[in-house]
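# model this:
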Amino acid sequence: MNNIPVVIGVGQSIHRDDDDWAGAEPVRLMVGAARNVLADCGDIPSTEIDSIDVLHVQAWRYDDIAALVGARLGCGATRGTSYPVGGETPLRVLDEVARRIQRGETKCALIIGAESTRASDRSAKAGGTLAWTPMVNPRTKWQVPDTWRRISDIGVQRAMHIFALYENALRVHEGIALSDAQEESATLWAALSRVAATNPYSWTSDAVDAATVRTITAANRRVAFPFTKRMTANPFVNQGAGLLVTDTATARRWHVPEEQWVYPWGSAGADEPAEVLSRTAFHRSTAVERAIMRTQELTDTSTDDYSFVELYSCFPTMPKLSGRVLGPIKPDAPTVTGGLSFFGGPGSNYLTHSIAAMVLRLRDSGGVGFIHGVGEMMTKHHALVLGADPRDEGYTADPDGIVAIAPADVQIDDGYEGVGTVETCSVSYRRDGTADYGIVIGRGRAGQRFGARVDAGDAATIAAFESGDSEAIGTTGRVFSTAQGRRFSIN
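Numbering: from 1, shown residues only. Okay, the predicted model is just below:
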């Protein structure tokens with residue numbers, strides 16, 4: 001087979017100078033990473049690139065970022081695509097590119113992305129003006145999607161809130177004490193930090209121990225129960241990464257040494273219902289299970305086959321859930337990159353860095369690597385297997401495409417009042433570490449699902465949610481309406 005997809009080049013970039021915001025512009029980071037990609041595979045002329053696939057950029061709005069990258073590189077690309085937001089997106093883009101190459105529709109694709117939220121955030125706080133490529137369409141205020149409105153109304157404003165709800169539900173379902181669950185999270189995060197400390201493109205280079213991760217201090221405040229700040233992704237970075245993907249016949253024609261080829265073997269994805277309150281459960285994810293197990297089925301691999309693993313690690317919940325599906329892994333840490341808290345969380349592009357790091361590991365050591373990613377409110381999931389050697393059948397794409405998990409057979413009652421049982425809960429905190437409000441998803445008398453907030457003044461309910469001595473999940477309380485919306489109280 002001549003159209004077997006193969007990754008022949010990887011490259012990354014980073015900009016740490018807070019006094020030089022111009023150098024942190026996303027397109028500059030992309031071009032820098034892309035030039036490193038081309039150099040990595042023997043200085044292949046950029047004119048050979050016929051497809052530029054760009055990951056979503058949060059920090060700046062460009063009119064046609066793919067065309068801008070292509071022009072600066074001097075590419076002859078006839079295809080340029082920008083993709084929507086999502087941490088899993090690099091895996092889905094590589095899946096799409098591999099399919100196109102295998103069908104002969106694309107000869108050489110550059111997958112590229114960058115995020116510069118540190119520069120844009122610091123500039124905004126300083127009241128400065130960024131001398132970046134002018135925005136064609138000035139940024140407008142973000143609007144809450146209709147599918148998120150229910151959870152937004154009950155206080156799920158950021159991804160950390162939804163992951164905290166899953167974290168608490170998982171702990172209670174498994175019968176694990178809060179202290180033990182926190183120790184698992186802290187030990188896992190300490191392992192991530194050790195990997196990040198060895199990665200030259202990591203935003204932070206200091207390894208930390210488990211006690212530093214779990215202990216609440218002024219520098220490690222609570223953010224969403226039970227997460228501390230060190231357990232959350234760091235989005236304020238300036239980082240870029242890219243990949244060059246072609247077919248084996250073209251790689252040979254360009255005289256790229258075969259020892260640096262790495263082969264995508266196959267991948268699969270699944271999406272939970274975007275409407276969070278209509279999901280089947282909060283202690284597990286059917287989409288995670290489907291994406292991982294289907295990828296293993298398609299590639300005829302098992303966890304024992306994986307020399308290296310990258311489990312998306314925006315919050316401890318995610319590698320816990322994916323790790324429960326995979327079972328015991330060989331590596332000491334489920335990352336080749338360093339995790340989003342320590343390596344950094346460059347928006348939708350973290351996994352491009354992970355693919356690059358995985359390619360380097362497989363080149364050096366051989367073997368097989370596994371990567372999992374998640375996007376949005378723990379909604380979109382994708383998994384990918386890569387190998388230092390090719391599969392006999394080439395790349396295997398899931399003929400079912402991205403599978404949509406069916407909503408649960410449950411009534412969502414936006415007007416429910418009365419006795420309610422806590423299905424899962426969390427607490428959101430202010431920057432000073434004090435409770436801002438509580439969040440609860442629960443079931444009514446007839447099994448209907450509701451969502452509500454807990455006011456910060458309801459100290460007893462907040463304390464019950466935070467307690468390490470007893471669990472609020474499974475207990476009952478009262479759901480009632482106020483002028484500010486529905487509220488819940490254990491009293």
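
# Every contact and neighbour count from this point should use C-alpha atoms.
Fine.

# which non-adjacent residue is nearest D436?
Spatially, and ignoring its direct neighbours in sequence, D436 is nearest to Y429 (4.8 Å; Cα to Cα, 6 or more residues apart in numbering).

# Name the residues linked to that neighbour by a beta bridge.
A435 (DSSP bridges).

# what's the distance between it and A224?
6 Å (Cα to Cα, to the nearest Å).

# So if I had to pick from those two, which one is more boxed in?
A224 (28 against 18; other Cα atoms under 10 Å).

# separation between that one and T434?
Counting by Cα to Cα, the gap from A224 to T434 is 11 Å.

# before we move on, what about H283?
27 Å.

# Kindly report the same for T303.
42 Å.

# Compare those two (neighbour count), which wins?
Counted by other Cα under 10 Å, T303 and T434 do not tie: T303 has more neighbours, with 18 against 14.

# Identify the residue nearest the more buried one in space, chain neighbours excluded?
Nearest one to T303, counting by Cα to Cα, 6+ apart, is L326 at 6.0 Å.

# show me the contacts for G401.
Applying Cα atoms under 8 Å, 6 or more residues apart in numbering, we find G401 in contact with 268-269.

# Helices of this structure, start to end?
Here the chain has its helices, by DSSP state H, at 26-40, 65-73, 89-103, 117-126, 149-153, 159-174, 178-196, 210-214, 248-253, 286-299, 317-326, 350-365, 459-466.

# any idea how far the second one is from the chain center?
Centroid separation between helix 65-73 and its chain, computed with Cα atoms, centre = their mean, to the nearest Å, is 26 Å.

# Then the fifth one?
Helix 149-153 sits 21 Å away from the centroid of its parent chain (Cα atoms, centre = their mean).

# my read: S13 touches G32, true?
Yes: in this structure, S13 is within contact of G32 by Cα atoms under 8 Å, at 6.1 Å.

# where do the contact lists of these two overlap?
Here S13 and G32 have G240 as joint contacts, going by Cα under 8 Å, 6+ apart.

# And the two? Which one has more around it.
Using other Cα under 10 Å, the more surrounded residue of S13 and G32 is S13, with 23 against 19.

# ok, that one - contacts?
S13 neighbours (Cα under 8 Å, 6+ apart): 29-30, 32-33, 201, 239-241.

# Could you single out the nearest of those residues to F342?
Y201 (10.7 Å; Cα to Cα).

# I'd like to know how far the residue sitting nearest the centre point of the chain sits from E25.
Of all residues in the chain, the one closest to the mean position by Cα atoms, centre = their mean is G87, 3.4 Å from it. Going from G87 to E25 by Cα to Cα gives 20 Å.

# cool, L321 as well?
Distance from L321 to E25, by Cα to Cα: 35 Å.

# Of the two, give the one with the bigger neighbour count.
Per other Cα under 10 Å, whichever of L321 and E25 has more neighbours is E25, with 25 against 19.
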